[in-house]
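S.K.: no sequence for this one, just the structure:
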């Protein structure tokens, strides 16, 4: 519902350069609340982006073209620069030269010199240049500043700021991760540096570390100190789960801001419990109808900018603020250690390797290894939101998914080796991605004259034959695990047939067993998180056989396959060995193996089905209240299974009922039924003898060491909030 125009914004015309996510998610919703959408022009070089904007915000003027074309025949007094970071300086410069007032998205620039140049240009042209530090306007941040400035808790002694979560933003442009755009420090860190200086004044940097390896950083640790001696610690991550908060320690208490609560802060005097404090007027310029969210903050920001244009008091960030934060970022980036491996000499015809699925678990480890060896790498990606990890490296990017045959042909040009790892395990087009997508990649590799294409499959295409003999590559296809395994088997057959006529391009298929390791999923984080939630259980005591494959060992096998001419047209089981599920998962769960209950697959399925049909509290009350129901409960498979889950199998029915009630009170779920498919009772063992004989591959990292490395990663990346 449209709101009446805010007095400070009334009459202003806006030209927004860039139609990406920040425009669609924040600027346009805020301008709609301010009643100004009919005075907005958006310029963007992507017609698809403009179509999305005009569909969601009827009434705006959409103009196709880059920032240079945006000014043509446009009378807007205010230019909002919301283009990719690398374009902020040239777009702001052009707007100022054209005589417009400019509100530029953060960061204005990543160097002091660039900020100083823009400041001088604004003075020379007599125009306003401000920076859209939108988080300044969050009610929680504003309230914290007011409390600190009021002196109620005394001087600030230390600040700890943490913003750690898997990357959740959905930028529309791959330029978001370009090296010249900066990484998480330039993106989120600039907000925190600006805010921290507003609390303690100018800061000097002490130490900095990040994980950039020639690209942009995803993880940052930054220590600073204010001129008054306050210690500041900033942690940022785009890949690791963690807490998102700011803790401000003062002489007589502390203030805590939690990112999930944008309206309030928690304030506690020394030695007393904290209290939640919120403001009666969340926004400085608010008229009472703005949401207490990030959109409301953009409303406040836009009105504050117009206040500044009119010469009224405002809190908006200026070029001097941007210069100070740019200086800190510039210093930080200068502290980086050299990239993990020097770039290999450029191949005139293209990079050494192409990876599809590089943004996934196994692909990320393969990319790490290739870059450590100095190889040049190109990757495919369907969307920029998946690039947080791989953008740490100076990779070549080939936009497009494997279902786009032309995109794959372009991606494969000049490449020596193709590693095809891309998979889609859940969407309606999963089978097409596996079968048709693999054909596109393999045909592109053959057409480009690549030396080799290594295709990753799975041991599940063999199923779990009831045999005492180790399963090897001579066993027939008996896919286990539904459509995923069936489509993999279809894909494999096609690859092996195509190898008969692929000419100089070798085709190799690998069938890894249960792959685990840092950043892993089904055999790493999934059981760990279930255990931490109290929702893990053993199937038949965990005596089933686990055929395991440490991810580093699998990468070894992929590299061997690519380098071995005799591997052409063959498939290879890649498995480090076999132990029981209890032996494999026990060291990874974060609790003693005996702490978890055991079920048969049938019992677990029944428990899940029946618990969906009744309310446990009601059953518990009925059991306690009725002797007749108590007797019936002794025969209930549900109660017996629940009692095993809670360790009270031999106790009388009332005690069991109490246990069920407790389970319900703490909302403790039973283990999900699907763990029987992942960690089940099968006894099948797989053989990697062929991989050893032909590829010369053997697991380099032993199980105990692999478990130690994986457990260390799990602990370091354990969610803390």
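M.R.: Everything's here; your move. Remember, predicted model here, so these are calculated numbers, not experimental data.
S.K.: shaky segments in the protein?
M.R.: Across the chain, the ranges flagged by pLDDT under 70 are 1-11, 70-74, 287-288, 337-349, 425-426, 610-669, 719-721.
S.K.: check which helix or strand covers residue 232.
M.R.: Secondary structure from DSSP states H and E places residue 232 in strand 231-237.
S.K.: Paired strands for the helix or strand that comes right after that strand, with orientation please.
M.R.: For strand 231-237, the following helix or strand on the C-terminal side (DSSP H and E) is strand 244-250. Applying DSSP bridges, strand 244-250 is found paired with strand 156-164 (antiparallel), strand 253-258 (antiparallel).
S.K.: who's in contact with the first one?
M.R.: Strand 156-164 has contacts (CB atoms under 8 Å, 6 or more residues apart in numbering) with 148, 188, 192, 196, 199-200, 226, 228, 230-237, 240-251, 259. Every C-beta, even on glycine, is put in place using the N, C-alpha and C of the backbone.
S.K.: Then stretch 556-566?
M.R.: With CB under 8 Å, 6+ apart, stretch 556-566 has contacts from 366, 369, 417, 419, 451-452, 454, 456, 506, 508, 510, 512, 567, 572, 574, 691, 694-697, 699-700.
S.K.: would you turn the strands paired with strand 244-250 into CSV with mean neighbour count and distance to residue 90?
M.R.: Formatted as CSV, those follow (neighbours: other CB atoms under 10 Å; distance: least, CB to CB, whole Å):
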stretch, mean neighbour count, distance to residue 90
strand 156-164, 21, 29
strand 253-258, 20, 35
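S.K.: of all the ones you listed, which lies closest to residue 275?
M.R.: strand 253-258 (10.4 Å; CB to CB).
S.K.: Check which strands are paired with the helix or strand that that closest one is followed by and give the direction for each one.
M.R.: The C-terminal neighbour of strand 253-258 among helices and strands, as given by DSSP H and E, is strand 264-269. Paired neighbours of strand 264-269 in the sheet (DSSP bridges): strand 253-258 (antiparallel), strand 275-278 (antiparallel).
S.K.: Return the set of buried residues in strand 264-269.
M.R.: For strand 264-269, burial by neighbour count (16 or more other CB atoms under 10 Å) applies to 264-267.
S.K.: can you check stretch 315-326 too?
M.R.: Quick answer for stretch 315-326 (16+ other CB under 10 Å): 315-319, 321-326.
S.K.: Likewise for stretch 112-124?
M.R.: 112, 114-116, 118-119, 121-122.
S.K.: Scan the protein for its longest helix.
M.R.: What stands out as the longest helix in the chain, according to DSSP state H, is helix 430-447.
S.K.: can you list the residues that contact that one?
M.R.: Counting by CB under 8 Å, 6+ apart, 354, 356, 401-405, 408-409, 411-412, 415, 418, 420, 422-424, 427, 453, 455, 483-484, 487-488, 490-491, 494-495, 498, 502-503, 505, 507 sit against helix 430-447.
S.K.: My guess is residue 234 contacts residue 192. True?
M.R.: Yes: look at residue 234 against residue 192 with CB atoms under 8 Å: they come within range, at 5.7 Å.
S.K.: Distance to residue 438 added to the strands paired with strand 264-269, as a markdown table?
M.R.: Shown next, in a markdown table, are the strands paired with strand 264-269 (distance: least, CB to CB, whole Å):
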| stretch | distance to residue 438 |
| --- | --- |
| strand 253-258 | 45 |
| strand 275-278 | 54 |
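S.K.: In contact with residue 692, which residues are there?
M.R.: Residues near residue 692 by CB under 8 Å, 6+ apart: residue 698.
S.K.: can you tell me the helix or strand for the residue nearest to residue 460 when sequence neighbours are not counted?
M.R.: Excluding the flanking residues, the one nearest residue 460 by CB to CB, 6 or more residues apart in numbering is residue 485, at 4.1 Å. Secondary structure assigned from DSSP H and E places residue 485 in helix 483-498.
S.K.: Could you tell me the angle between that helix and helix 430-447?
M.R.: 20 degrees (axes from the mean of the first three to the mean of the last three CA atoms, to 10 degrees).
S.K.: Residues contacting helix 483-498, please?
M.R.: Counting by CB under 8 Å, 6+ apart, 425, 430-431, 434-435, 438-439, 442, 446, 455, 457-458, 460-461, 463, 477, 479, 507, 509, 569-571 sit against helix 483-498.
S.K.: Kindly recompute the last result at 6 Å.
M.R.: 425, 431, 434-435, 438, 455, 457-458, 460-461, 477, 479, 507, 509 (CB atoms under 6 Å, 6 or more residues apart in numbering).
S.K.: will you turn these into JSON lines that also has neighbour count, distance to residue 157 and secondary structure?
M.R.: JSON lines is the format used below for those (neighbours: other CB atoms under 10 Å; distance: CB to CB, whole Å; DSSP: H, G, I helix; E, B strand; the rest coil):
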{"residue": "425", "neighbour count": "13", "distance to residue 157": "50", "secondary structure": "coil"}
{"residue": "431", "neighbour count": "18", "distance to residue 157": "59", "secondary structure": "helix"}
{"residue": "434", "neighbour count": "26", "distance to residue 157": "57", "secondary structure": "helix"}
{"residue": "435", "neighbour count": "18", "distance to residue 157": "61", "secondary structure": "helix"}
{"residue": "438", "neighbour count": "28", "distance to residue 157": "59", "secondary structure": "helix"}
{"residue": "455", "neighbour count": "25", "distance to residue 157": "58", "secondary structure": "strand"}
{"residue": "457", "neighbour count": "24", "distance to residue 157": "57", "secondary structure": "coil"}
{"residue": "458", "neighbour count": "21", "distance to residue 157": "55", "secondary structure": "coil"}
{"residue": "460", "neighbour count": "20", "distance to residue 157": "57", "secondary structure": "helix"}
{"residue": "461", "neighbour count": "26", "distance to residue 157": "61", "secondary structure": "helix"}
{"residue": "477", "neighbour count": "14", "distance to residue 157": "66", "secondary structure": "coil"}
{"residue": "479", "neighbour count": "18", "distance to residue 157": "62", "secondary structure": "coil"}
{"residue": "507", "neighbour count": "26", "distance to residue 157": "63", "secondary structure": "strand"}
{"residue": "509", "neighbour count": "26", "distance to residue 157": "61", "secondary structure": "strand"}
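S.K.: Pick the one among these closest to residue 522.
M.R.: Nearest member of those to residue 522, counting by CB to CB, is residue 425, at 9.8 Å.
S.K.: The residue nearest to residue 569 when sequence neighbours are not counted - how many residues pack around it?
M.R.: Nearest non-adjacent residue to residue 569, counting by CB to CB, 6+ apart: residue 499, 3.6 Å away. Residue 499 is flanked by 20 other residues according to other CB atoms under 10 Å.
S.K.: hang on, residue 499 packs against residue 571?
M.R.: No: contact between residue 499 and residue 571 fails when scored by CB atoms under 6 Å: they sit 9.9 Å apart.
S.K.: from the buried residues of stretch 315-326, which is closest to residue 76?
M.R.: Comparing the buried residues of stretch 315-326 against residue 76 with CB to CB places residue 316 closest, at 18.3 Å.
S.K.: and the gap between that closest one and residue 23?
M.R.: Residue 316 sits 19 Å away from residue 23, going by CB to CB, to the nearest Å.
S.K.: And residue 113, by the same measure?
M.R.: Between residue 113 and residue 23 the distance is 28 Å, computed by CB to CB.
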